[in-house]
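Student: the following block contains a protein sequence and its predicted model.
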Amino acid sequence: MRWDGQAITAERSDMLSGLESNSGFVRSVTTPEFAGVTFHEVLAKSALNKVGGADGGTWGMTINPYRGCSHACVYCFARPTHTYLEFDGGADFDQQIVVKTNVADVLTRELAKPSWDRHPVALGTNTDPYQRAEGRYRLMPGIIQALAESGTPFSILTKGSLLRRDIPLLVEAAKSVPVDIAMSIAVYDDDLQQSVEPGTPTTSARLATVRAVRDAGLDCSVFLMPVLPYITDTRAHLQDAVGRAAASGATSLMYSALHLKPGIKPWWYEWLGRTHPDLVGRYRAMYLDNTYAPKDYRRWLAERVRPILREHGLSLGQVDPATGSMGFSDDAVPRTSDQSPLKRADPGYAQRAEYRPTNGRQPAQAVAPSSLSPSLSPSLSPTSTPVRPTSSGTGGPRLF
């Protein structure tokens with residue numbers, strides 16, 4: 001199907017609000033190959049995004065070739081960003097995809113500036129660079145080439161098995177710059193995966209991608225994120241997840257519990273009410289006035305996950321709290337290497353990773369729940385319902 005004949009005129013009602021008058025807007029495209037999805041092609045003015053820390057400094061740099069994501073993960077924390085384009089964070093996020101068609105060219109110009117300091121760059125920390133549209137637009141090869149040729153270290157986090165297409169490029173890039181790769185695989189039950197992540201490749205396909213990356217001689221981490229309370233936190237699911245990640249050759253594993261921003265909660269609760277109506281009350285008690293799972297739950301989850309990691313010989317990685325790029329290994333689990341390529345390449349990483357906002361709240365991407373002091377009281381809703389861990393293998397601490 002030739003896309004040139006599929007352009008939508010500006011008069012169409014499903015045109016992206018605000019873009020028809022934007023000088024960077026090119027066209028909107030639909031095609032039977034992506035039923036129900038509209039792609040809004042734009043010319044980006046910039047490619048690199050500065051991610052600022054709470055102290056006013058710059059923590060990291062990211063690139064987002066796409067806005068919106070056809071992977072359609074119900075829990076995706078990036079959903080609220082679509083409202084900036086006068087879209088909703090639900091079906092619009094899944095079906096109205098903004099494509100920065102010139103992103104590689106713009107990036108090349110930005111990296112050529114004398115002021116560019118070759119700060120590590122993270123991809124895939126907001127929307128997925130290897131979502132289905134990448135098969136058509138092929139933005140990532142140009143991005144990888146630009147970063148490598150400029151001497152800029154980079155990381156890629158994805159759910160997309162399309163990454164396998166670019167493994168030769170990544171191998172070549174890794175000869176010049178540090179390259180970190182991670183595959184996000186949160187759900188290891190096929191039916192549940194297709195329900196909560198309906199646009200993603202299967203779990204098996206993603207694990208096969210991990211194996212392909214490792215067979216090519218590159219490291220590849222697995223992000224077991226998010227762990228869904230009462231759903232994917234059973235011993236059986238976690239054992240299966242960690243065991244299959246280890247068998248695929250994963251070099252480390254990161255995990256964290258589900259966190260729900262206000263703009264995500266309506267879409268999450270709609271799905272939960274349809275699929276697990278018995279859990280709605282428990283989730284509201286946990287997340288009513290909170291974005292993050294209560295501290296007691298995170299501590300409970302750490303006590304459950306870490307012995308499984310040790311059993312399978314997997315190191316526990318950490319994540320840059322600003323960009324989501326991979327960090328250094330945790331001392332509690334045997335290491336595969338003393339530090340990640342990005343940490344070696346970026347002397348400022350340690351300060352950013354160790355920084356914590358003065359209000360005491362954990363950064364969005366922190367994944368070291370066992371570091372929480374036992375003296376810290378759990379973050380509770382106004383009902384003050386205590387969260388008490390249980391030793392049962394049925395998943396999740398019970399709310400009493």
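Tutor: Structure received.

Student: quick check: pLDDT value at the residue most central in space within the chain.
Tutor: By Cα atoms, centre = their mean, the chain has its centre lying nearest to T125, at 4.7 Å. For T125, the pLDDT comes out at 87.

Student: that one contacts T62, doesn't it?
Tutor: Yes - counting by Cβ atoms under 8 Å, T125 touches T62, with 5.6 Å between them. Placement of C-beta: from N, CA and C, glycine included.

Student: Y287 is in contact with K265, correct?
Tutor: Yes - between K265 and Y287 there is a contact at 7.0 Å, judged by Cβ under 8 Å.

Student: who has more neighbours, these two?
Tutor: Using other Cβ atoms under 10 Å, the more surrounded residue of K265 and Y287 is Y287, with 24 against 17.

Student: residues contacting L139?
Tutor: 65-66, 99-101, 103-104, 129 (Cβ atoms under 8 Å, 6 or more residues apart in numbering).

Student: change it to 10 Å
Tutor: 63, 65-66, 99-104, 107, 129-130, 133 (Cβ atoms under 10 Å, 6 or more residues apart in numbering).

Student: filter the residues you listed down to the ones in strands?
Tutor: 63, 66, 99-100 (DSSP state E).

Student: circling back to that earlier point, ok, the residue nearest to the centre of the chain touching V51?
Tutor: Yes - assessed by Cβ atoms under 10 Å, T125 is found in contact with V51 at 8.3 Å.

Student: how about stretch 158-173: buried residues?
Tutor: 158-164, 166-167, 169-170, 173 (16 or more other Cβ atoms under 10 Å).

Student: and the furthest pair within the residues you listed?
Tutor: The widest separation within these, taken as Cβ to Cβ, falls between K159 and A173 and amounts to 20.8 Å.

Student: CA atoms only: put the helix or strand hosting L301 into CSV for me.
Tutor: L301 is part of helix 295-312 when elements are defined by DSSP states H and E. The C-alpha trace of helix 295-312 is given here as CSV (Å, rounded to 0.1, in the frame of the first residue of the first chain):
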residue,chain,number,x,y,z
LYS,A,295,6.2,2.0,50.8
ASP,A,296,5.2,-1.2,52.6
TYR,A,297,4.2,-2.8,49.3
ARG,A,298,7.4,-1.8,47.6
ARG,A,299,9.4,-3.2,50.6
TRP,A,300,7.3,-6.4,50.4
LEU,A,301,7.9,-6.7,46.7
ALA,A,302,11.7,-6.3,47.1
GLU,A,303,11.7,-9.1,49.7
ARG,A,304,9.9,-11.3,47.2
VAL,A,305,11.9,-10.5,44.0
ARG,A,306,15.5,-10.3,45.2
PRO,A,307,15.8,-13.9,46.4
ILE,A,308,14.4,-15.0,43.0
LEU,A,309,17.0,-12.9,41.2
ARG,A,310,19.8,-14.4,43.3
GLU,A,311,18.4,-17.9,42.5
HIS,A,312,18.7,-17.3,38.8
